[in-house]
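Trainee: test case, fold it:
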Amino acid sequence: MFIDHIRIFAKAGKGGDGVVSWRREKFVPKGGPDGGDGGAGGDVVLVVDPSTDNLRQYHYDPKLIAEDGRDGAAWKRTGRGGKRVVGKVPPGTVVYRSTAETVQLAAEMERGDEGIELEPVADLVEHGQEYVLCKGGTPGLGNTHFRSATNRAPTEHTLGTAGEEGGFYLELRRIADAGLVGFPNAGKSTLIGELSAAKPKVASYPFTTLQPVVGVVEFPKFRRCTVADIPGLIEGAHENRGLGHDFLRHITRCRMLLFVIDMAGSEGREPISDLEVLRREVREYDEELAAFPWKVVANKMDLVGAEDQLAFFRARFPKVEVLPVSCHTGEGIEELREMLDRVVGHRFSK
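Mentor: So this is what the prediction gives:
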């Protein structure tokens with residue numbers, strides 16, 4: 001099960017109470033106040049874990065609840081602090097804080113309703129990055145703190161405060177250098193399998209890919225890039241048809257978009273129309289995303305009619321860089337690798 005957006009409830013621990021206590025020993029009958037402070041409540045923390053690739057764990061238990069701090073004790077002993085609870089999230093997780101109003105907005109967004117905007121409070125992308133989702137309560141003070149020259153036997157003490165709590169909305173947006181965008185059966189999964197060690201499911205029916213797949217493309221001199229294969233889009237994807245929003249969100253972090261076009265028209269579509277529709281869907285979904293650098297990968301060049309269609313395509317889009325490839329024969333794969341290395345490749349370092 002692949003989960004890339006979910007609502008959770010988080011609650012930090014309450015701070016422990018300070019206590020009223022008096023020092024009483026055999027030869028110290030009036031030793032004065034010795035009440036200890038309470039312990040701090042545990043925090044709720046999100047940590048970016050590169051070994052986690054989705055938010056599935058929160059589907060089964062959508063709660064993060066930290067431990068309360070212990071109360072203070074006699075002999076000025078401070079209560080033990082509550083243990084913090086750590087929730088692991090994959091790189092690329094955006095965190096939204098849900099108020100009474102935004103909980104409803106998040107539900108509407110899941111249904112695909114129009115005009116829903118949530119203000120993010122954290123964008124977690126770096127490995128090991130931490131974000132305190134809910135801060136633990138502050139501890140109370142024992143009566144020791146209230147002793148003075150005029151108040152030698154204070155009975156005052158303070159209680160620990162409640163920890164923060166609330167509902168949150170987590171949304172995963174895949175991080176990749178380049179994103180493959182295309183219609184179902186355009187050959188994106190086969191292409192990423194040729195470029196990288198990723199092994200996505202490949203079949204001859206539409207929507208074989210139902211979740212984003214990220215492959216690592218290796219280059220000489222310890223260089224590499226990552227390429228995301230998102231499920232195929234259909235016309236109306238910007239309106240969430242065919243789960244368009246669930247798919248499009250995963251290319252919003254890419255540095256470059258590669259529109260994979262079935263240049264042979266083997267699925268009964270026109271290559272020129274395919275690109276026009278895909279560009280329009282991306283633009284309608286996000287104007288900033290449409291402004292990203294982009295190129296066209298003309299796939300299935302081994303099929304009959306692809307060369308003629310490519311000539312028409314280049315005449316229609318003379319300023320667009322088109323890279324002809326065939327995953328079946330290997331034609332153009334090396335040229336595509338060289339382009340990726342030149343444009344988005346970077347040196348790998350541990």
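Trainee: tell me the contacts of residue 194?
Mentor: Residue 194 makes contact with 327, 330, 333, according to CB atoms under 8 Å, 6 or more residues apart in numbering. For the C-beta atoms, the positions are set from N, CA and C on the backbone; glycine is no exception.
Trainee: using CSV, write out every CA atom in the strand or helix carrying it.
Mentor: If you go by DSSP states H and E, residue 194 is part of helix 188-195. Taking Å, rounded to 0.1, in the frame of the first residue of the first chain, the C-alpha atoms of helix 188-195 are listed here in CSV:
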residue,chain,number,x,y,z
LYS,A,188,7.7,5.8,-19.2
SER,A,189,8.2,2.8,-17.0
THR,A,190,10.2,0.9,-19.7
LEU,A,191,12.3,4.1,-20.2
ILE,A,192,13.2,4.5,-16.5
GLY,A,193,14.0,0.8,-16.4
GLU,A,194,16.5,1.3,-19.3
LEU,A,195,18.0,4.4,-17.7
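Trainee: output the contacting helices and strands for the following helix or strand past that helix.
Mentor: The helix or strand immediately downstream of helix 188-195 is strand 213-219, counting by DSSP H and E. Packed against strand 213-219, as judged by 3 or more CB pairs under 8 Å, 6 or more residues apart in numbering; DSSP states H and E, are the following elements: helix 188-195, strand 223-229, helix 333-343.
Trainee: among these, which comes closest to residue 76?
Mentor: Closest of the helices and strands packed on strand 213-219 to residue 76 is strand 223-229, at 55.2 Å (criterion: CB to CB).
Trainee: top of the contacts of residue 194 by neighbour count?
Mentor: Using other CB atoms under 10 Å as the neighbour test, the contacts of residue 194 are led by residue 327, with 22 neighbours.
Trainee: that residue against residue 192, yeah?
Mentor: No. Between residue 327 and residue 192 there is no contact under CB atoms under 8 Å: 9.7 Å.
Trainee: where does the stretch 251-350 of the chain dip in pLDDT?
Mentor: Low-confidence regions of the stretch 251-350 of the chain, defined by pLDDT under 70, span residues 348-350.
Trainee: where do the strands sit along it?
Mentor: Applying DSSP state E, counting those that start in this stretch to the stretch 251-350 of the chain gives strands spanning 256-262, 294-299, 322-324, 346-347.
Trainee: let's have those in CSV, adding mean neighbour count.
Mentor: Listed next are the strands of the stretch 251-350 of the chain as CSV, based on neighbours: other CB atoms under 10 Å:
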stretch, mean neighbour count
strand 256-262, 24
strand 294-299, 23
strand 322-324, 19
strand 346-347, 12
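Trainee: would you format these as TSV with distance to residue 40 included?
Mentor: Shown next, in TSV, are these (distance: least, CB to CB, whole Å):
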stretch	distance to residue 40
strand 256-262	46
strand 294-299	50
strand 322-324	57
strand 346-347	42
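Trainee: residue 300: which of the contacts of residue 194 is nearest?
Mentor: Closest approach to residue 300 among the contacts of residue 194 (CB to CB): residue 327, at 7.9 Å.
Trainee: enumerate every residue touching the closest one.
Mentor: Counting by CB under 8 Å, 6+ apart, residue 327 makes contact with 187, 190, 191, 193, 194, 299, 300, 333.
Trainee: if we go to 6 Å?
Mentor: Applying CB atoms under 6 Å, 6 or more residues apart in numbering to residue 327 gives the contacts 187, 190, 191, 194.
Trainee: what about it, distance to residue 78?
Mentor: Noted for residue 327: a distance of 65 Å to residue 78, by CB to CB, to the nearest Å.
Trainee: next: residue 270.
Mentor: With distances taken as CB to CB, residue 270 is found 74 Å from residue 78.
Trainee: so these two - more neighbours on which side?
Mentor: Per other CB under 10 Å, whichever of residue 270 and residue 78 has more neighbours is residue 78, with 19 against 15.
Trainee: below-threshold pLDDT in the chain: ranges please.
Mentor: For the chain, applying pLDDT under 70 flags the ranges 1, 99-119, 198-211, 232-247, 348-350.
Trainee: domain parsing for the chain?
Mentor: 5-172, 178-347 (automatic domain parsing).
Trainee: for the nearest residue to residue 297 once chain neighbours are set aside, which residues are in contact?
Mentor: Among residues not flanking residue 297 along the chain, residue 260 sits closest, at 4.8 Å (CB to CB, 6 or more residues apart in numbering). Going by CB under 6 Å, 6+ apart, residue 260 touches 180, 182, 186, 188, 297, 299.
Trainee: farthest-apart pair in those, please.
Mentor: 180 and 299 (10.0 Å).
Trainee: circling back: dump the contacts of residue 260 to a markdown table, plus distance to residue 45.
Mentor: Shown next, in a markdown table, are those (distance: CB to CB, whole Å):
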| residue | distance to residue 45 |
| --- | --- |
| 180 | 34 |
| 182 | 39 |
| 186 | 41 |
| 188 | 37 |
| 297 | 41 |
| 299 | 44 |
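Trainee: quick check, nearest of these to residue 283?
Mentor: The closest of the contacts of residue 260, once distances to residue 283 are taken by CB to CB, is residue 182, at 15.9 Å.
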